[in-house]
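Participant: sequence first, predicted coordinates after that:
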Amino acid sequence: MAVRAGTAAVRAAAVREILFVLLMGVGGLLLALLAAFAPWYPAPTGRRPAAVVDLNSPAEPAPGNGLTAADMVGGPSRAPGTAS
């Protein structure tokens, strides 16, 4: 059984299309790997690298209105700045 000329052209077009799809898939995968593993920020130039900051709380409480969290349950029981 001989292959007709039209059938050979269809097969060649199908092979080209499959190769195109495979090449686009490989290219997309390479771009995804580049985006995932390439640095997203400029490299430091002579600066010290980032480090963990001090996690201790301050020795004195911050200035405020004198209310505590217990005073705030259910709303303030007194106006700020007034004696109880």
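Facilitator: That came through, no problem. Numbering: from 1, shown residues only.

Participant: so for the longest helix along the chain, what's the average pLDDT?
Facilitator: Looking across the chain with DSSP state H, the single longest helix is helix 5-37. Mean pLDDT, computed over helix 5-37, is 93.

Participant: going forward, begin numbering at 56 instead of 1
Facilitator: Will do, 56 is the new start, and the previous item becomes helix 60-92.

Participant: in that helix, what's buried?
Facilitator: Of the residues in helix 60-92, none count as buried by neighbour count, 16 or more other CB atoms under 10 Å. All C-beta atoms are positioned from the backbone trio N, CA, C, and that covers glycine.

Participant: who does that helix touch, helix- and strand-wise?
Facilitator: Packed against helix 60-92, as judged by 3 or more CB pairs under 8 Å, 6 or more residues apart in numbering; DSSP states H and E, are no other helices or strands.

Participant: where does Ala106 sit: helix, strand or coil?
Facilitator: Under DSSP: H, G, I helix; E, B strand; the rest coil, the three-state class of Ala106 is coil.

Participant: cool, and the one 3 residues further on?
Facilitator: Of the three states, Asp109 takes coil under three-state DSSP.

Participant: and it, how far from Arg103?
Facilitator: 15 Å (CB to CB, to the nearest Å).
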